[in-house]
Every structure is written in C-alpha cells, then in structure tokens.
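Q: Starting from these lines, generate the structure:
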Amino acid sequence: MLHFDLPPEQPAPEIASFKIVHSGTAPTSEDRLDELIATADTTPVRSATLIPVDANIYQAALPVLESPDAADPLEEADPLETEPLNRPQEPAVEDTDPPAEPPAAPPVQIEIEADPELTPAEFAAQLRLTADYQEYDPNAQIVVARGNVLLRLNDAIIEADELWVNLVNRYALAEGNVLLTRGAQIVRGTQAEYNFIQQAGVISNAVGTLYLPGISEDLRSPFDGPSSNVRRAYDPIGRRPDLQVDSEGSIQITTSPSAQPIGGRGGELRQLRFETDELAFDVEGWRAEDVRITNDPFSPPELELRTDYLVLRNISPTQDELLFKRPRLVFDQGFALPLLRSRIVLNRGQIDPEDLNPVPTSGGVDGGDRGGLYVGFKIPVVRNSKVRLFVTPQFFVTRAFGNQNNNPFDLGNFGTTADLRAQITPRTTLSGSADLTSLNLTDIAENLRVNLRAVQQINDHRLALEYSYRDRLFNGTSGFQDVQSSLGLVLLSPDIVLGDNGPLFNYQVGAQIVDARSDRADLLAARGSETGRLSLGRYQGSAALRQSFNLWRGEPAAPTQSAGLRFTPEPIVPYLNFNTGLRATGTYYSSGDSQNSIIAEVGLEGQIGHLVRNFGDYTRFNISYAQSLSGSASSPLLFDRNVDRNILSFGVTQQVYGPFLLGFQSALSLTQNNDISTVYTLEYSRRTYGILLRYDAAQSAGSIGLRLSGFSWIGDTNPFDTPRVRRVEGGVIEQP
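A: Residues are numbered from 1 along each chain as shown. Here you go, the predicted structure:
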C-alpha cells in the first residue's frame, strides 16, 4: 500500500461540507416523475473547481451551457436531481485574476460549515488507497493512481484501472473496469465520478446487482459509517468467482384468493440485476434511463422489467419507492406486456406481491356465487407499511351474457370484494375479507360474506380469534355448505419433530359458537328453529402424526442454465417416498352430541426425470388411501359431518413438451361411491416464472396463477445481451 501525506507548509482551508443554496419543493408522489425527468434532462452533471472569494464564501465558476438563455438548472431543483459535481481541473499556474462570470446565471453561492475533520488532510486520512502507481501533486492537492486501483471509505469501495482524487473538492473520477460497492449493492461501469461533499455520482454503462433487504441502509452516506449489512454478492477485492446460483423460493400471484399455489416453497425477491447507459445517484436515491431489470441470474434473461426512466428513493425509515415511466414486462426477449402501474413500494426491502401483478386484475370461474366467469379490477384504498386494504369491483360475465333475456347492466351482474391485512404489533396481525356477490342491496343479507381473523403469535404457537358471516365451506361429497355465523378461538401448534428423525406432530384446539344448517329434526323442533339452522357451542381438539420414508433418491442435474435450471427455479431431484399419517379428532357440541374419529392414511409419491430435455423428461405422481378406523355418533351440523370415511386420491403431472406440463388430481369417496374433486392443470414452467391454469370440475371453480422465482447468486453474471449487442454509430463500430 502506498500512502500520501500533505506537506505541513501547505495549509488547507478548513472546509467541512458544501450546500447548494436553491429553492424548490420535494416531490411527494409518482405524479412528479415527468417533472423529475424533465429537470434531469436539462441539468449538466458538471461544475468548475471552487475558487476562494473570502474566508467563508466560495464561488463556483459554472461551465457555459449550450444555450446562453438556458435557465439556471439549480432553480427549483428537485432534491433527487444530481447536483453539479465538482470536477477537477487541470493543474494551472496560480492566477490572481478573478474568474469569468458564467454568462447565463449569477454565481452559485455555496455555504461553508467549518469543521476541521473535513480539511483536505483529514479527508485524505479517511481514505484508503492502493494502486500499482500513485502520484500526488501538493500544489493542486490531486492524487493520481493507476493499475489495480482500490479506494475505500468505510464500506464504500471503488475499483478501477485509473483514478483521480481532488482532495480540496472531494471529487473522484475513476475510469476503466470500474466497480463500485456500497454495503451489498454492486455496480460496474466504464467510468464513474463521485463527489464526496454532495454524496452524489454518475456511473456510465452501469451494470449492477441490487440486494433489496439492504437498500435503505446502503443508500446512506459512507461518511455515516459502515453499513451493518455484511452480505455481499462476492468479495469485490480481486476475486471473480464462477457464478453460483441458489433459489430463494417464489412469490405466488393468483387471480382468485381461493386458487392453489403453483408449487414450490414460498419466498421473496431479494436480489435483482440491472443494466442502464447511465446511473446517477446521491443520498436521496438513484436515477437511470432506459433501464432493464431482471430476477434471472443468467443471460439472456427470461423475464425483464424494462422502463424508459426509473427513480429509486427512500421515503421513510422502513420504505423505499420505485417510480417508472412506461414500464413493461418482457418475456423471453419477445412478448412485451405493459405494466399498468408506475410505482412500487419496498417495505424493508420486500416487494408486495400485488405490485408484481402485471395487470392489477382478478378473476376466474366461480359456478356458485358468481354464476361462472367473472373479472375484477383491484383498487388500493390504504397501502402503507402497516395496513393494506384493497377493494375489487367485479363483473360476472357468464351471468350477464349467459341468458338472452338478462340485462347485462343489471345490478345483480356486479359485485365487489374487499381484502384487509394489518400488522397491529410485530406479533399480531389482522386479516379480513368481504364478498358482495350482487349490488342489488335488497338481498344484501343473502349476498354478503365476511371473514375476520386476528392472530397472535405466542412463542411458536398461533392463537386466532375468528369471526365469519355466511362462510362457504366444501365438505367432500356433501358439497358446499354455508355456516351462517361463527365466532371462536383456535390455538394452532407448529410442526414438532419427535426424536431425532421421528414423525412430525402437531395439534390444534378450539371453541366456537356456530349457527349452521342441520337435518336433525328433533333438535330443530326442540329449539323452535324455522330456518333449518342450529346455534350450538362447538369444542374441538385434533392431533396428527406424519412420517415420510424415502425409498429412493436420485441425483439432480447441475444447477446451470442449460441443465437443472432450464425449466425450473431449482434442479429437480428424482425420488420415491412412502408416506404415512394418523389423525385423531374429537368434537363436542352444546347439544350433547359428539363426533370422534381416527383416520389413517398411507400413500406413495415421487417424481422421475429432470425436466431438462424437451420430451418425456419429467413425471410427478401420487396415490394415497385414507380410512376411518373408528368413529362414534356424528355431527348434528352438515358442514363438518364426517361423511367420507374411505377416500382414494391419485394424480399425475406429465411434461408434454419443453416447459408445458399437463396434470390432474382426483379424489374418490369409496363410501359414497362418488367423486369428491377432480382438478385439471396446465402449467408453463420457466426458471424465472411460471403460469398455471387450474380448473376444479367438482367445485366449478377455476383460476390463473403466476409464479415469480427469487434467486441469490455469487459471482459474475453475463451482460443481458449475450453475445453482447454492438452498435454502429456514424459508421464506427462500438468497441467492446
């Protein structure tokens, strides 16, 4: 390491920080994005060196703008705009003549806050600079470094082939193979400039990695000390490991709340990579034009978000926001789907799945309440870090046009839903939903469904207080049953491993007051019920054991773009398991009735192939049998009566071609000799995303699901365009 010292005979002015004096109003919403862009496009990213005027005031000689009539770019500037960077000038002989005034605007005054810690000598002491060659000019107080340059300030690191640092202006210019890291954020480029006073910079031809959980902290100034975020994509100092990719699970987006997830474990988007021609940043946020963002660690990306302009800025201690101009999702470098939103909020680095829905709509097939096909549009009413409330007006397509005598604009063809989720305390959540399946308010009592649930985390257990009105439950061959009202508490345990490799054990206990339909004429007469419903206390305890035995396990394909990660976010592991289960349930009612059962289940499940080749390389299958070993009496209510005592379940999913998978899952009641359910699925599976079409024939319900995969990776990624697209400008071929 080469050190440089300021000579004592060169006293430095005591300069702490510079603040541009200007007026303006900070933007408060995404509506200011056009104004941000307009201002940014006219603001020069440069200024002259600071020339002393007197002991406390410095004057900046701004460069001449292209138009002498151009307005001062600092007037009414947005806090997110890049303030002019103080570029170093060529060392010059001292000249006592005052500098020329800029023709277009009066001199910009810069206030000085005296602080001995930020004199050039103290500033230089904060920097750690290593290089093959270093040169220091004591008159201009400029350091020049070449060859394997590394500049460190706390955990902000700049690597480059060449570097110039002006100690007076606190300005650094890096060129050639530039790599900037701050906390967990990594950006590469061909050139970078950074002003330590304004804490702002610009990187040309920027290619980078965003680690979302660390964005809020990493946007701070490096003078505030190192970030506590120690996670890095890789050690940037002299190491370039091969790319290693791990799955972070997936985010599920469905058109219907009752839709089943596509598969795979839940997760989140934690790491993204991007490309842009120029990235500007300061302590307020980042700005870029013609941006490409992807969750795919490989190139060319399967899924991209492209936008003409992007702003990333902090809006609260726990929230950041992304503002877009003309965003669209691009699938497989071809099909582009406009993204009907201009703003995404990051809560502590996490993205709300609703923000990732390309079209903020809902819909599906509901043959019960909605008469078939329906569509809706989600409207956010309240959205912050604590509360989310969506209202979704719906139109029932089949009901409106299925009957020629029906008026499509009848109020009965319209409905609405509301979904609420609130974080009351770190361990207490409130969730709820309401469905109004007709806007004909004369029958509102028969068209409204409401569910509210408050959950308190108690160590590893969950205590839930639940209320429902006209809850709709599916009970096997009994079909759909309505519970008019229910209020009660349920305590649910986590999965508990018995022994070192023993079975999984869980239990739940609950107490409720329910009002539901019954066919017990004696109880209905005794209670004088004329509605066919009984209001009873219901007390239930249930415990279950599950154990899976692996009979065979194959080897996964290599986690590469052309092998194990070709069509799936994780390499498929072939296996064959033998599954067993046992559940004991006791239910008691205030009428004196009880329903007790012990159900045993055995089954086989497995998958073969790796989903790497285009044909016949993946089959998933399962078959199981459940038998009620014993039971006494039965429920006086219809919604929880144990009517199917012997159930055979089976299903197959088969690769048809490439990423297309076709499957079905069926359950038969051997007791009633009837189908319980048959679900058909068609899945388009890619590494970064998946689309699932699902239809349940027994329940007359269908939905569309979208999976977005999350990845983490270590090492270098290739450019988005691989091989990299080279351009011709003015007959000259761009050099790599």
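Q: Distance check, the closest residue to Arg527 other than its chain neighbours against Asp519.
A: Nearest residue to Arg527, sequence neighbours excluded (CB to CB, 6 or more residues apart in numbering): Leu534, at 6.5 Å. For glycine as for every other residue, the C-beta is placed from the backbone atoms N, C-alpha and C. Counting by CB to CB, to the nearest Å, the gap from Leu534 to Asp519 is 10 Å.
Q: Would you mind telling me which of the two has more residues around it?
A: Remark: of Leu534 and Asp519, Leu534 carries more neighbours, 23 against 11, as counted by other CB atoms under 10 Å.
Q: Pull the contacting residues for that one.
A: Leu534 is in contact with 515-518, 520, 523-524, 527, 591, 636-637, counting by CB atoms under 8 Å, 6 or more residues apart in numbering.
Q: now do Gln484
A: Counting by CB under 8 Å, 6+ apart, Gln484 has contacts 469-470, 515-517, 533.
Q: Of the residues you listed, which is the most crowded?
A: Ala516 (24 neighbours).
Q: Which secondary structure state does that one sit in?
A: Recorded secondary structure, Ala516: strand (DSSP: H, G, I helix; E, B strand; the rest coil).
Q: Could you give the bridge partners of it?
A: Following DSSP bridges, Ala516 is listed with bridge partners Val483, Leu534.
Q: Pull up the gap between it and Gly532, please.
A: 10 Å.
Q: if we can go back for a sec, just the closest of the contacts of Gln484 to Ile197, please.
A: For the contacts of Gln484, the closest approach to Ile197 (CB to CB) belongs to Tyr469, at 61.5 Å.
Q: Tell me, how many residues neighbour the closest residue to the closest one other than its chain neighbours?
A: In space, Tyr469 comes closest to Val450 once its chain neighbours are excluded; the distance is 4.2 Å by CB to CB, 6+ apart. Val450 has 16 neighbouring residues, counting by other CB under 10 Å.
Q: What helix or strand is Ile444 located in?
A: helix 444-447 (DSSP states H and E).
Q: Just the mean pLDDT for that helix, thanks.
A: Confidence for helix 444-447, expressed as mean pLDDT, is 88.
Q: which helices and strands does the next helix or strand after it pack with?
A: Heading C-terminal from helix 444-447, the first helix or strand you meet, by DSSP H and E, is strand 448-458. Packing partners of strand 448-458 (3 or more CB pairs under 8 Å, 6 or more residues apart in numbering; DSSP states H and E): strand 428-436, strand 461-474.
Q: Could I get these in TSV, plus columns for distance to Phe281?
A: Output for those, formatted as TSV (distance: least, CB to CB, whole Å):
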stretch	distance to Phe281
strand 428-436	36
strand 461-474	42
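Q: With mean pLDDT and distance to Pro719 as new columns, can the ones you listed be given to me in JSON lines?
A: Formatted as JSON lines, the helices and strands packed on strand 448-458 follow (pLDDT from 0 to 100; distance: least, CB to CB, whole Å):
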{"stretch": "strand 428-436", "mean pLDDT": "95", "distance to Pro719": "43"}
{"stretch": "strand 461-474", "mean pLDDT": "94", "distance to Pro719": "47"}
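Q: looking at those, which is closest to Glu601?
A: If we rank the helices and strands packed on strand 448-458 by CB to CB, the stretch that ends up nearest is strand 461-474, at 19.2 Å.
Q: Output the contacting helices and strands for the closest one.
A: For strand 461-474, the packing partners by 3+ CB pairs under 8 Å, 6+ apart come out as strand 448-458, strand 480-492.
Q: cutoff 10 Å now
A: strand 428-436, helix 444-447, strand 448-458, strand 480-492, strand 504-517 (3 or more CB pairs under 10 Å, 6 or more residues apart in numbering; DSSP states H and E).
Q: and the ones you listed, which one's lowest on average pLDDT?
A: Minimum mean pLDDT among the helices and strands packed on strand 461-474: helix 444-447, a mean of 88.
Q: residues in contact with that one?
A: Helix 444-447 has contacts (CB atoms under 10 Å, 6 or more residues apart in numbering) with 369, 412, 415, 435-441, 469-470, 482.
Q: Now do the nearest residue to Phe660 once chain neighbours are set aside: how many residues are near it, please.
A: Distance criterion CB to CB, 6+ apart; nearest residue to Phe660, sequence neighbours excluded, is Tyr684 at 6.1 Å. For Tyr684, the tally of surrounding residues (other CB under 10 Å) stands at 16.
Q: Quickly list what the residue nearest in space to the middle of the chain is bridged to.
A: What sits nearest the mean C-alpha location of the chain, by CA atoms, centre = their mean, is Ile351, with 3.1 Å. Counting by DSSP bridges, Ile351 forms beta bridges with Leu346.
Q: Could you measure from it over to Glu162?
A: 38 Å.
Q: before we move on, the earlier item: need the overlap of contacts for Leu534 and Asp519.
A: Counting by CB under 10 Å, 6+ apart, the residues touching both Leu534 and Asp519 are 636-638.
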